[in-house]
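Undergrad: Predicted model and sequence follow; I will ask about them next.
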Amino acid sequence: MPTNQYCISPAIVSEHFDDEVIIVNMSRGHYYSLRGSAAVVWQGLEAGTSKDGLLAYLAGTYATNEAELSKPLNSFLDQLVDEELVLEGTPSQTSPLPVRTLSKPFTPPLLEIYTDMASLLTLDPIHDVSPVEGWPIKK
Amino acid sequence: MAHQKIDAHQPSTRSSGEAHFTQLLADRCRSFQPQLSARSFGFDSLSLRVIFIGESHQDFFTKAIAHRASPPLPNGLTVYVINHKTSGVMLPQPCWDWQQADGHGIIYGLAAGYSATFQQDTGVFTWIAHTEQLAFVWGTDFATVPEWERSFPFRYILHKWFEEQNRYVLVHAGAVGTTAGGVLLTGRGGSGKSTSTLACLQSRLQYAGDDFVMIDLEALFVHSLYNVAKLEPGNLSRFPALQPLANEYPATDGQKLQFYLHQHYPSVVTKGFPLKAIMLPHFTGGTHTSLRPATPADALKALAPSTLALLRADQRTFQKMARLVHQIPCFWLETGTDLTQIPEAIDSTLQSLPTDATAPC
C-alpha cells in the first residue's frame, strides 16, 4: 500500500525565506534549495500534511486540477525520501496550513541538490583501540 | 559505526564519569614539573589561559592568535596543551564507549557540559569541561601534527564554548573592514573568498581573517580569530605584499602557503569591526569588479554548509547563521582579474551603507 504520510528527518536543519527553503542534511553532507512549488510542498510536510492533503493544498494554491499535480508531487516526494530529508511514517504533530493563492503558474517541484560539502564529511570510524589504555591507536 | 545525527545524541544525565576524568587529567597537569607560565588570549567575553605541559612547540598554538594576546581575566577558560612525547602525561581511561564516536572523532552522549573529539589522523584529543572551565588538548607528539593545523589553534574549543551561547557564532568566512565597519566574505570552495580577502591587504581595509571569524550576533560585530593568510603557491605572484615572506613559510606538498600577518604587518590586522554586510565573491573571468544584491538565502547557502561541515556543528550554529543573514545586507561580489578593484568596490559599498546598516537584504 502506498505511503500517504511523511515526517521530517531529525538529521536535517532548514530555514525558510520568502520563496526558498534551504535544507542541510549533515548525515549525507548535502544541502538543498527548494523554490516555488517545492517550497510550498515542504511547508506542507512540515505541517504534517498527508500526501492527499498536499495534493489538495497545491491545487488550491495554484488553482490547478489535482490530476495534473499527482505525478510531479509523487516524484518529488520519492526524491525527498531518497535523499533522507523525510521519512515515511506518521508525523508527530500537525498544524494548519495558511490559505493562499499564487498567481504564478504551477511548475513541477524541483529539488536542487548541492554535493560540494560531502567530501568534508567523509566518515572514517575509529577502528582500533588500545586494550591497555583504552585509547584509539594513532593511524 | 555511529553517524552524526543532529538530534540523535542527547547528552546523558550522568556526569560522575566525565567529572572524574576531568579531575584526574587536571591533577596530572597541575602536578607536572616544571610548570610554565600561562599565556592569555582574549576573544571578546572569553579569556583563554593557555598552559603548556611538556615542550610543546608553543608557536604552533599561539602564533595564529598572537594578535589576541591579552591580560588574563577572572573566570576565563584554562586550556592545558599536553605533549605526551615530551611530558609523559597520559590520558586517564576514557569514561565512554568508542562506539559513541562518529567518523570524525566527535564523541557523543557525554554528560551535559562536556565535549570531546579525538582526531585519529593526528592523534590529538580535545576535552572541554564547561562547568569546570577547563579544556585539554593532548597530543601523542605535536611535532608530527600537520603544519596547516597551526593556522586554526583551539578552533574546536572556541566553537564548543560559544555554541551554547546565543550571542556568538564561528563562521567559515574571511572578513575585512575599518573601525567604522566591514564585511564578511564567504562562498563555496573556489569562489574566490581568499583571493578577495587577500586583495585587500594593501588597501585601507584591515584584515580580520580569511578562514574562520567569530560573529557577535547582538552587537553585529566581527571578532578576528586568526591572523593567518593562506594562499595557493601558484597565486603568490598576484600578491606583492606576501612575496617577501614566502621564503620564511615554505609550502608543504599540496598545502597552501601560510603567512602570519600580525608578525610582519601588525597594522594590517584588526581584532574586529562592526559587521555591515555579507559579500559572496564570484569570479567572473572579466577584468572588473562589481556588486549586485544577493538574497539572504544566497548568503546562507554560501555560509552554512562549509561552516557546519568544518566545525561538525549542529542546528544551533545553523540557526545562528540564518539569524545573521536576515539582519544585514548581502551582495554578490563579482570579481575580476584586476585585484585592486576588489577593495575599492568593497570600500565604496561600505561607505554607501547607512551607519547603522541593518536593512534586510
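TA: Cool, got the structure.

Undergrad: average pLDDT for the biggest strand by length in chain B?
TA: Looking across chain B with DSSP state E, the single longest strand is strand B:272-283. For strand B:272-283, the mean pLDDT works out to 97.

Undergrad: Summarise which helices and strands it is packed against.
TA: Where contact means 3 or more CB pairs under 8 Å, 6 or more residues apart in numbering or on different chains; DSSP states H and E, strand B:272-283 is packed against strand B:174-178, strand B:181-185, helix B:193-198, strand B:206-209, strand B:221-224, helix B:296-311, strand B:330-335, helix B:341-352. C-beta: built from backbone N, CA, C; applies to glycine.

Undergrad: domains in chain B, as residue ranges please.
TA: Annotated domains of chain B cover B:16-163, B:168-352 [automatic domain parsing].

Undergrad: if you compare the ones you listed, which one is most tucked away?
TA: domain B:168-352 (a mean of 20; mean count of other CB atoms under 10 Å in any protein chain shown).

Undergrad: Show the end-to-end separation of it, please.
TA: End-to-end distance of domain B:168-352 (CA to CA, to the nearest Å): 27 Å.

Undergrad: Next, work out how far apart the closest residue to B:G182 other than its chain neighbours and chain A are.
TA: Closest residue to B:G182 apart from its sequence neighbours, by CB to CB, 6 or more residues apart in numbering or on different chains: B:F273 at 4.3 Å. For B:F273, the distance to chain A equals 26 Å [CB to the nearest CB, to the nearest Å].

Undergrad: where does the residue minimising distance to the centre of chain A land on pLDDT?
TA: Closest residue to the average C-alpha location of chain A: A:L85 at 3.8 Å, with CA atoms, centre = their mean. If you check A:L85, the pLDDT there is 96.

Undergrad: wait, isn't it in contact with A:C7?
TA: No. When contacts are counted by CB atoms under 8 Å, A:L85 is not listed as touching A:C7 (10.7 Å).

Undergrad: what sits against the residue lying closest to B:Y114 once chain neighbours are set aside?
TA: Spatially, and ignoring its direct neighbours in sequence, B:Y114 is nearest to B:E18 (4.3 Å; CB to CB, 6+ apart). For B:E18, the contacting residues are B:C95, B:L110, B:A111, B:G113, B:Y114, B:A129, by CB atoms under 8 Å, 6 or more residues apart in numbering or on different chains.

Undergrad: Name the SS class of B:E18, please.
TA: helix (DSSP: H, G, I helix; E, B strand; the rest coil).

Undergrad: Let me see the mean pLDDT of stretch A:38-48.
TA: Here the average pLDDT along stretch A:38-48 is 96.

Undergrad: which residues touch that stretch?
TA: A:5-8, A:14, A:16, A:19-21, A:23, A:34, A:53-54, A:57-58, A:61, A:73, A:76-77, A:80, A:86, A:91-97, A:102, A:109-111.

Undergrad: Pull the distance from that stretch to the chain's centre.
TA: 8 Å (CA atoms, centre = their mean, to the nearest Å).

Undergrad: Return that stretch as PDB; C-alpha atoms alone will do.
TA: Extracted in PDB, the C-alpha atoms of stretch A:38-48 (Å, rounded to 0.1, in the frame of the first residue of the first chain):
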ATOM      1  CA  ALA A  38       8.900  22.700  -3.900                       C
ATOM      2  CA  ALA A  39       8.900  25.200  -1.000                       C
ATOM      3  CA  VAL A  40       5.100  25.000  -0.800                       C
ATOM      4  CA  VAL A  41       5.300  21.200  -0.600                       C
ATOM      5  CA  TRP A  42       7.900  21.500   2.100                       C
ATOM      6  CA  GLN A  43       5.800  23.800   4.100                       C
ATOM      7  CA  GLY A  44       3.000  21.300   3.900                       C
ATOM      8  CA  LEU A  45       5.300  18.500   5.000                       C
ATOM      9  CA  GLU A  46       6.500  20.500   8.000                       C
ATOM     10  CA  ALA A  47       2.900  21.000   9.000                       C
ATOM     11  CA  GLY A  48       2.400  17.200   8.900                       C
END
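
Undergrad: Looks to me like A:W42 is in a helix.
TA: Yes. Applying three-state DSSP, one finds A:W42 inside a helix.

Undergrad: Please report the distance of the closest residue to chain A within the stretch 1-150 of chain B from B:E163.
TA: Per CB to the nearest CB, the residue of the stretch 1-150 of chain B with the smallest distance to chain A is B:G103, at 2.8 Å. Counting by CB to CB, to the nearest Å, the gap from B:G103 to B:E163 is 20 Å.

Undergrad: Also B:T78?
TA: Taken as CB to CB, the span from B:T78 to B:E163 is 19 Å.

Undergrad: From what I see, A:V129 and A:I137 are in contact.
TA: Yes. Between A:V129 and A:I137 there is a contact under CB under 8 Å: 7.0 Å.

Undergrad: Can you give me every residue that contacts the nearest residue to B:S194 once chain neighbours are set aside?
TA: Leaving aside its sequence neighbours, B:S194 sits nearest to B:D210 (CB to CB, 6+ apart; 5.0 Å). By CB under 8 Å, 6+ apart, the contact list for B:D210 reads B:G174, B:L185, B:K193, B:S194, B:T197, B:L198, B:V228, B:A229, B:K230.

Undergrad: does the fifth one really touch B:T186, like I thought?
TA: Spelled out, it's B:T197. No. The criterion here is CB under 8 Å, and B:T197 misses it with B:T186 at 10.0 Å.

Undergrad: Need the overlap of contacts for the two.
TA: With CB under 8 Å, 6+ apart as the test, B:T197 and B:T186 both reach B:G174.

Undergrad: coming back round to it: save the helices and strands packed on strand B:272-283 as a markdown table, and put in mean pLDDT too.
TA: Converted to a markdown table, the helices and strands packed on strand B:272-283 look like this (pLDDT from 0 to 100):
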| stretch | mean pLDDT |
| --- | --- |
| strand B:174-178 | 97 |
| strand B:181-185 | 98 |
| helix B:193-198 | 93 |
| strand B:206-209 | 97 |
| strand B:221-224 | 98 |
| helix B:296-311 | 93 |
| strand B:330-335 | 97 |
| helix B:341-352 | 97 |
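
Undergrad: Perfect, that will be all.
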